[in-house]
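Undergrad: fold the stuff below for me.
(one chain, ligands or ions: 3)
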Amino acid sequence: MSVTATAEPAQGAATAPHRVGGGLLDPRQLLRSTPDALRKLDPRTLWRNPVMFIVEVGAVFTTVLAVADPSFFAWLITVWLWLTVVFANLAEAVAEGRGKAQAATLRKAKQETVARRLAGWGTPDVREEPVDAGELRQGDVVVVEAGQVIPGDGDVVEGIASVDESAITGESAPVIRESGGDRSSVTGGTKVLSDRIVVRITQKPGESFIDRMISLVEGASRQKTPNEIALNILLAALTIIFLLAVATLQPMAIFAKSYNAAAPDSLTINGDGVTGIVLVSLLVALIPTTIGALLSAIGIAGMDRLVQRNVLAMSGRAVEAAGDVNTLLLDKTGTITLGNRQASEFHPVGGVSPADLAEAAQLSSLADETPEGRSVVVLAKTEYGLRAREDGLIPHAHFVPFTAETRMSGVDIDNRKIRKGAASAVTKWVTDNGGHPTGEVGPIVDGISASGGTPLVVAEQVAGEPARALGVIHLKDVVKAGMRERFDEMRRMGIRTVMITGDNPITAKAIADEAGVDDFLAEARPEDKLALIRAEQEGGRLVAMTGDGTNDAPALAQADVGVSMNTGTSAAKEAGNMVDLDSDPTKLIEIVEIGKQLLITRGALTTFSIANDVAKYFAIIPAMFAAVYPSLDAMNVMRLSSPASAITSAVIFNALVIVALIPLSLRGVRYRPASASQLLTRNLLLYGLGGIVAPFVGIKLLDLLVVQFLPGM
Ligand SMILES: Nc1ncnc2c1ncn2[C@@H]1O[C@H](COP(=O)(O)OP(=O)(O)OP(=O)(O)O)[C@@H](O)[C@H]1O
Ligand SMILES: [K+]
Ligand SMILES: [Mg+2]
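TA: Residues are numbered from 1 along each chain as shown. Ligands and ions are numbered 1, 2, ... in the order given. Have a look, this model is predicted:
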């Protein structure tokens with residue numbers, strides 16, 4: 001993999017609106033989480049963390065020994081062994097605790113509301129009936145007006161409104177929700193600020209978005225990822241190896257004594273038999289307790305960092321996958337461009353008057369609830385003074401809605417059919433209905449496309465006559481600022497960006513060039529997106545994509561990382577494994593960075609933990625056995641005061657290093673694009689070498705303190 005990063009403590013992360021105090025490790029936070037940490041001592045919970053479970057078993061064992069044969073040393077070690085387990089639990093509890101405040105805010109949004117259900121929606125006699133929000137079923141249709149709380153999750157089927165979503169996003173600026181387009185989904189518990197919308201409920205009772213958010217930020221639904229399980233197995237294996245190594249020490253000591261009767265019993269301290277306690281201490285010092293203690297907190301903190309950026313990850317696995325993504329698929333409209341494709345001009349052809357084209361275009365758009373359709377109606381009205389007619393006013397009108405599959409929309413009125421849509425689709429419709437495409441259309445379409453605009457060809461057929469093109473509508477769109485820089489950054493991370501669009505290849509190329517993506521796929525239908533993702537995955541690559549439309553749902557489900565926009569349709573939100581509450585498609589870039597940061601943090605702390613244990617080996621063993629095996633004295637570089645002090649210092653250091661690393665595991669090491677070898681060198685230097693040096697310094701200092709302040713060591 002060419003993608004990498006430098007590892008360094010991160011700077012202050014973006015603070016989320018809900019967060020109380022962005023402080024990294026407030027001592028009060030430790031105190032507040034202590035009860036949870038103590039609850040986690042329950043072996044039924046702790047066994048899931050094999051390394052810490054062994055430490056707990058060891059602590060129980062030394063407690064029994066200390067009770068049976070009390071000594072200051074025995075109790076000192078016992079207390080610090082218990083503290084080791086508590087500190088590990090504390091790391092996890094603090095990580096979990098950070099979501100609690102947000103969960104409390106969300107619960108407040110979950111107030112009971114009365115819904116205004118519309119019985120018989122879609123029929124001439126619609127009746128409004130009040131029901132409890134809790135009684136709403138999937139498919140129910142409700143009306144919500146300014147000042148009212150939306151009673152459940154759903155899609156807007158009629159109208160447009162500004163909505164206050166601060167309850168879930170923490171963002172106070174109102175957002176627009178409208179029917180038809182890709183901004184149609186609304187969340188129960190948010191509030192309509194202006195106008196009136198009709199919403200079709202999509203949520204199952206008791207499974208609201210807010211409910212899912214609560215369990216997510218509380219970590220209630222967190223499952224270990226396959227990577228975490230694998231690492232846990234590795235740590236457990238290391239633990240067993242050390243367990244066996246330590247168990248053989250005692251026979252060795254006896255063996256040595258039988259040869260050298262003068263040797264003092266190394267495992268006796270101040271005349272007390274403390275063999276058991278020494279062996280447990282040694283074991284705990286040598287097994288990978290640091291990473292064992294912090295592993296879970298690192299995972300939770302990764303999810304939490306996403307929440308802080310208003311991204312809800314439905315699985316930890318998705319967060320990890322984000323760190324390894326190779327290909328990024330981005331929609332054109334609304335992701336790379338501002339997405340407000342507005343009709344800006346009518347270009348008539350074949351002697352049709354501009355007003356006639358505008359009239360036909362407007363007629364075909366009266367029931368077109370997409371933003372594009374509405375903008376056509378508006379343009380016809382402002383430029384040609386055409387009245388926007390209610391569809392009820394046109395008798396016998398049969399509207400053909402837009403679909404991504406047909407790439408057309410239109411209307412049939414009596415003996416007249418009007419269609420508008422992608423040039424290729426409408427041209428085909430014209431030929432299929434006996435017409436001949438005119439040579440005038442092509443250059444106009446290409447001209448609009450080359451400028452990055454979307455051309456919509458308008459055509460009509462009057463019964464008995466061949467179909468003919470009337471002209472072209474120019475839909476304008478603008479590439480968002482700063483896109484090129486972001487894609488350059490992705491390239492440095494080794495990620496290929498591919499833009500996907502339903503638009504024609506010329507428009508696609510114009511926008512792709514302007515935005516600076518690596519590749520593009522034009523005239524893509526939903527199944528083409530899916531096929532593209534499958535092809536990438538078959539090549540062994542991990543694919544991330546953002547999407548908002550219902551037609552994106554299959555692709556979102558297939559992608560390794562599928563980020564759906566909170567504004568998008570409910571189907572899209574169901575299909576993906578992440579939801580971006582800010583509906584900012586470029587957020588994917590941050591998501592990838594957070595994923596990488598998670599993987600790097602875990603790698604760095606695993607390196608540190610194992611290096612640490614190796615160093616402890618050299619610190620303790622010579623001190624303990626110097627008397628039995630005088631030859632070991634050459635290795636006794638640390639010159640610790642006494643075996644008792646060496647062991648005590650090692651156990652205390654081992655426990656304190658966990659607390660010291662809680663802040664780093666919560667905020668993660670900083671991610672910065674860099675080459676693979678740079679990253680490896682840096683990480684080995686910082687966390688490998690650091691991990692070796694730290695125990696020598698730490699244990700030596702503790703040894704001096706122990707001898708100074710604790711009597712008889
Ligand atoms: N309301 C509409 N009526 C008729 N044709 C439309 C309408 N909206 C879009 N089209 C045509 O259908 C094509 C596909 O649009 P669609 O919205 O499916 O694209 P997409 O897959 O969402 O990709 P993107 O929107 O990112 O370009 C457009 O390029 C346009 O030519
Ligand atoms: K250890
Ligand atoms: Mg679209």
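Undergrad: now the strands for the stretch 551-700 of the chain?
TA: Ranges of strands in the stretch 551-700 of the chain, per DSSP state E, counting those that start in this stretch, are 561-565, 578-580, 669-670, 673-674.
Undergrad: and these, which is most packed in?
TA: strand 561-565 (a mean of 28; mean count of other CB atoms under 10 Å). Just so you know, the C-beta spots here come from the backbone N, C-alpha and C atoms, and that holds for glycine as well.
Undergrad: isn't residue 166 right up against residue 187?
TA: No - contact criterion CB atoms under 8 Å: residue 166 and residue 187 do not qualify, at 11.4 Å.
Undergrad: so between these two, which is more surrounded?
TA: Taking other CB atoms under 10 Å, residue 166 and residue 187 do not tie; residue 187 has more neighbours (26 against 18).
Undergrad: where's the closest residue to that one other than its chain neighbours relative to residue 215, distance?
TA: Excluding the flanking residues, the one nearest residue 187 by CB to CB, 6 or more residues apart in numbering is residue 209, at 5.0 Å. From residue 209 across to residue 215, the span is 11 Å (CB to CB, to the nearest Å).
Undergrad: what does the chain have sitting close to ligand 2?
TA: 289, 613, 654 (CB under 5 Å from the ion).
Undergrad: can we see that at 6 Å?
TA: Residues of the chain lying near ligand 2 by CB under 6 Å from the ion: 285, 287, 289, 613, 654.
Undergrad: any idea what residue 175 is bridged to?
TA: Under DSSP bridges, the beta-bridge partners of residue 175 are residue 163.
Undergrad: list the contacts of it.
TA: Residues near residue 175 by CB atoms under 8 Å, 6 or more residues apart in numbering: 162-163, 165, 567, 583.
Undergrad: can you give me the neighbour number for whichever residue of the stretch 151-300 of the chain sits closest to ligand 2?
TA: Residue nearest to ligand 2 within the stretch 151-300 of the chain (CB to the ion): residue 289, separated by 3.7 Å. By the criterion of other CB under 10 Å, residue 289 has 28 neighbours.
Undergrad: what pairs with residue 499 across the strands?
TA: In beta-bridge terms (that is, DSSP bridges), residue 499 pairs with residue 330, residue 520.
Undergrad: contacts only, for the spatially most central residue of the chain.
TA: Residue closest to the mean C-alpha point of the chain, counted by CA atoms, centre = their mean, is residue 313 at 4.0 Å. Residue 313 is in contact with 216, 303, 306, 319, 577-578, counting by CB under 8 Å, 6+ apart.
Undergrad: so which of those sit within helices?
TA: 216, 303, 306, 319 (DSSP state H).
Undergrad: quick check, nearest of these to residue 82?
TA: For these, the closest approach to residue 82 (CB to CB) belongs to residue 303, at 29.0 Å.
Undergrad: quick check on the residue nearest to the closest one when sequence neighbours are not counted: phi, psi?
TA: Spatial nearest neighbour of residue 303, excluding adjacent residues (CB to CB, 6+ apart): residue 313 at 5.5 Å. Main-chain torsions, residue 313, degrees, to the nearest 10: phi -100, psi 120.
Undergrad: residue 313 bridge partners, please.
TA: With beta bridges defined as DSSP bridges, residue 313 has these partners: residue 578.
Undergrad: for it, give me the pLDDT.
TA: pLDDT recorded at residue 313 is 88.
Undergrad: quick one: it from residue 547, how far?
TA: Distance, residue 313 to residue 547, using CB to CB: 16 Å.
Undergrad: any idea how far residue 620 is from residue 77?
TA: Residue 77 is 13 Å from residue 620, where distance means CB to CB.
Undergrad: what is in contact with these two at once?
TA: Residues touching both residue 77 and residue 620 by CB under 8 Å, 6+ apart: residue 647.
Undergrad: among residue 209 and residue 215, which residue is more densely surrounded?
TA: In this view residue 209 and residue 215 are compared by other CB under 10 Å, and residue 209 has more residues nearby, 25 against 13.
Undergrad: surely that one touches residue 153?
TA: Yes - counting by CB under 8 Å, residue 209 does reach residue 153; the two are 5.0 Å apart.
Undergrad: what is in contact with the two at once?
TA: With CB under 8 Å, 6+ apart as the test, residue 209 and residue 153 both reach 187-188, 203.
Undergrad: my guess is residue 357 contacts residue 458. True?
TA: Yes - using CB under 8 Å, residue 357 is in contact with residue 458, at 6.2 Å.
Undergrad: mind listing what the nearest residue to residue 341 once chain neighbours are set aside touches?
TA: Spatial nearest neighbour of residue 341, excluding adjacent residues (CB to CB, 6+ apart): residue 475 at 4.3 Å. Shown in contact with residue 475 (CB under 8 Å, 6+ apart): 341-344, 372, 375, 453-456.
Undergrad: list buried residues within the residues you listed.
TA: The neighbour-count test (16 or more other CB atoms under 10 Å) applied to these identifies 341-343, 372, 375, 453-456 as buried.
Undergrad: burial count for whichever residue of the stretch 1-150 of the chain sits closest to ligand 1?
TA: Residue of the stretch 1-150 of the chain nearest ligand 1, by CB to the nearest ligand atom: residue 122 (21.3 Å). If you count neighbours by other CB under 10 Å, residue 122 ends up with 8.
Undergrad: for it, grab phi and psi.
TA: Dihedral angles (degrees, to the nearest 10) for residue 122: phi 90, psi -10.
Undergrad: now do residue 410
TA: Torsion angles, degrees, to the nearest 10, at residue 410: phi 170, psi -160.
Undergrad: gap between it and ligand 1?
TA: Residue 410 sits 8 Å away from ligand 1, going by CB to the nearest ligand atom, to the nearest Å.
Undergrad: tell me the contacts of that residue?
TA: 364, 399-400, 417-421.
Undergrad: now it: closest residue in space that isn't a chain neighbour?
TA: residue 419 (3.8 Å).
Undergrad: and for whatever helix or strand that neighbour lives in, what are the contacting residues?
TA: Using DSSP states H and E, residue 419 maps to strand 416-421. Residues from elsewhere that reach strand 416-421 (CB under 8 Å, 6+ apart): 360-361, 363-365, 376, 400, 402, 406-412, 426, 429, 433, 456-463, 467, 473.
Undergrad: give me the number of neighbouring residues for the residue nearest to residue 410.
TA: Residue 419 has 27 neighbours, counted by other CB under 10 Å.
Undergrad: who does it bridge with?
TA: Here residue 419, judged by DSSP bridges, has bridge partners residue 410, residue 459.
Undergrad: quick one, domains of the chain?
TA: 27-98+225-305+594-709, 116-151+153-202, 330-336+480-580, 338-478 (the TED database).
Undergrad: make JSON lines out of those and add distance to residue 106 and mean pLDDT.
TA: What follows is these, written out as JSON lines (distance: least, CB to CB, whole Å; pLDDT from 0 to 100):
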{"stretch": "domain 27-98+225-305+594-709", "distance to residue 106": "14", "mean pLDDT": "84"}
{"stretch": "domain 116-151+153-202", "distance to residue 106": "7", "mean pLDDT": "89"}
{"stretch": "domain 330-336+480-580", "distance to residue 106": "14", "mean pLDDT": "89"}
{"stretch": "domain 338-478", "distance to residue 106": "28", "mean pLDDT": "89"}
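Undergrad: pick the most buried one from those.
TA: Most buried among the domains of the chain, counting by mean count of other CB under 10 Å: domain 330-336+480-580, with a mean of 21.
Undergrad: is it anywhere near ligand 1?
TA: Yes - residues of domain 330-336+480-580 contacting ligand 1 under CB under 6 Å from any ligand atom: 331-333, 501-503, 524, 549.
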